[in-house]
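A.B. asks: coords please:
(chains A, B, C and D)
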Number of protein chains: 2
Amino acid sequence: MLKPTKTRPLDRIDLAILDALQKNSRISNVNLAKEVNLSASPCLDRVKRLEAEGYIERYGAVLNAAKLKFGLTAYVEVTLDKSTSEVFDSFAERVQEIKQIAECDMVAGGFDYLLKIRISSMAEYRAVLGEVVDIPGVAKNHTYVVIEKIKNDEGLPIV
Amino acid sequence: MLKPTKTRPLDRIDLAILDALQKNSRISNVNLAKEVNLSASPCLDRVKRLEAEGYIERYGAVLNAAKLKFGLTAYVEVTLDKSTSEVFDSFAERVQEIKQIAECDMVAGGFDYLLKIRISSMAEYRAVLGEVVDIPGVAKNHTYVVIEKIKNDEGLPIV
DNA sequence: AGAAAAAACAGCAGAATATGCTGGTTATAT
DNA sequence: ATATAACCAGCATATTCTGCTGTTTTTTCT
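C.D. replies: A predicted model of the protein is given here:
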């Protein structure tokens, strides 16, 4: 019989560590320990455990999109004309290859996929849209260009 | 007379540094230097400069949403019934307060705002939707629940 | 409730890293 | 061609990481 991996629930300190790290992943361990009222060693132990248990997927830097020529964002709704796993799979595959597609979700409620694309200009948007509509099975699409960012994704509200 | 701040374009090494950091912000400076074929000091200088010039907005940890009770994602399209700056402002203000709203963009092309919400259950979704429709000026909304994540946002494709 | 076991904790020491400084090189502009 | 400025590598010191030890607290089982 398979013993389930011992998965202790997270306590208040674990959540404080996760929140501190998602707000600033380059904080030194000693400062992190101070922030969560722990000494350095147990704090480091907990961070290692949270990493090992998969609560932390990765540490990343958030870059300034506008300064790096990705100032425009658009959402594209895509409808496929056939619902076969073959069409789904080839669509998913092509989506990985088009680097301007930042995110792609399969959704329920009216169309099939919602794409978030990041581009530098409408000319580049036009080029990307051309690539998307050429994917086999794509029947319809509709684009919504972002005019203003109202709320930025700053991580999970775990506190 | 105001001298424009000397803004040198980014070279290949700068881009390599930014890409390495967005993929792993906790890399040590000496390893980062190795990766971009530099010695430690100039590498650190460049990182500091990229931070100061705003290319790096912040360093964060990406947490596992499913393990932290945010396993469901939904997109909500919202249409307002009046286009006054007063309605816009109060909407933006309320959006900041509702913590399940991870992202909010004002868009052109059919409706006014696209919300990305993260919740743990349909019951919580129902509660959040109630809060959204109670914001003054909200006329219509439509929800698309995410069935499958096809492509995750892994940062800007700067290489 | 009490004893045994397990987990968590703080402090310490050696290894690794960050960081400011110096001198030398390369690129840029006049 | 020369002067100027930016960039680079290496070094020294201060800080931080990280594994280890003994102690305390919490949990579990009787």
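A.B. asks: for stretch A:51-68, list the C-alpha coordinates in PDB.
C.D. replies: Taking Å, rounded to 0.1, in the frame of the first residue of the first chain, the C-alpha atoms of stretch A:51-68 are listed here in PDB:
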ATOM      1  CA  GLU A  51      10.600  24.500  -2.400                       C
ATOM      2  CA  ALA A  52      10.800  20.700  -2.100                       C
ATOM      3  CA  GLU A  53       7.100  20.400  -1.500                       C
ATOM      4  CA  GLY A  54       6.300  22.400  -4.600                       C
ATOM      5  CA  TYR A  55       4.700  25.500  -3.000                       C
ATOM      6  CA  ILE A  56       7.300  27.600  -4.800                       C
ATOM      7  CA  GLU A  57       7.400  26.900  -8.500                       C
ATOM      8  CA  ARG A  58      10.300  29.200  -9.400                       C
ATOM      9  CA  TYR A  59      12.000  32.500  -8.600                       C
ATOM     10  CA  GLY A  60      11.800  35.100 -11.400                       C
ATOM     11  CA  ALA A  61      12.400  38.700 -12.200                       C
ATOM     12  CA  VAL A  62       9.500  40.800 -13.500                       C
ATOM     13  CA  LEU A  63      10.800  42.900 -16.300                       C
ATOM     14  CA  ASN A  64       9.500  46.100 -17.700                       C
ATOM     15  CA  ALA A  65       7.600  45.100 -20.800                       C
ATOM     16  CA  ALA A  66       7.300  48.600 -22.200                       C
ATOM     17  CA  LYS A  67      11.000  49.300 -22.000                       C
ATOM     18  CA  LEU A  68      11.800  46.000 -23.700                       C
END
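A.B. asks: mind listing what's buried along that stretch?
C.D. replies: A:53, A:55-56, A:58-65, A:67-68 (16 or more other Cβ atoms under 10 Å in any protein chain shown). Placement of C-beta: from N, CA and C, glycine included.
A.B. asks: what does stretch A:76-90 give?
C.D. replies: A:Val76, A:Glu77, A:Val78, A:Leu80, A:Val87, A:Phe88.
A.B. asks: so can I have JSON lines of the residues you listed showing pLDDT and secondary structure?
C.D. replies: Shown next, in JSON lines, are the buried residues of stretch A:76-90 (pLDDT from 0 to 100; DSSP: H, G, I helix; E, B strand; the rest coil):
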{"residue": "A:Val76", "pLDDT": "98", "secondary structure": "strand"}
{"residue": "A:Glu77", "pLDDT": "97", "secondary structure": "strand"}
{"residue": "A:Val78", "pLDDT": "98", "secondary structure": "strand"}
{"residue": "A:Leu80", "pLDDT": "96", "secondary structure": "strand"}
{"residue": "A:Val87", "pLDDT": "95", "secondary structure": "helix"}
{"residue": "A:Phe88", "pLDDT": "95", "secondary structure": "helix"}
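A.B. asks: tell me, which of those make contact with chain B?
C.D. replies: Restricting the buried residues of stretch A:76-90 to those touching chain B (Cβ under 8 Å from any Cβ of the partner chain) yields no residues.
A.B. asks: shaky segments in chain A?
C.D. replies: Low-confidence segments of chain A (pLDDT under 70): A:1-8.
A.B. asks: ok, the buried residues of stretch A:76-90 vs A:Val146, which is closest?
C.D. replies: Lowest distance from A:Val146 to the buried residues of stretch A:76-90 (Cβ to Cβ) belongs to A:Val76, with 11.6 Å.
A.B. asks: now A:Lys34: phi and psi?
C.D. replies: phi -60, psi -50 (degrees, to the nearest 10).
A.B. asks: the buried residues of stretch A:51-68: which two are farthest apart?
C.D. replies: A:Glu53 and A:Lys67 (35.8 Å).
A.B. asks: coming back round to it: and which of the buried residues of stretch A:51-68 is nearest DNA strand D?
C.D. replies: A:Tyr59 (12.5 Å; Cβ to the nearest atom of the strand).
A.B. asks: and stretch A:11-20, does that touch DNA strand D?
C.D. replies: No. Counting by Cβ under 7 Å from any atom of the strand, DNA strand D is not contacted by stretch A:11-20; separation bottoms out at 8.6 Å.
A.B. asks: buried residues in that stretch?
C.D. replies: So, applying 16+ other Cβ under 10 Å, buried residues of stretch A:11-20: A:Asp14, A:Leu15, A:Ala16, A:Ile17, A:Leu18, A:Asp19, A:Ala20.
A.B. asks: many thanks, we can stop here.
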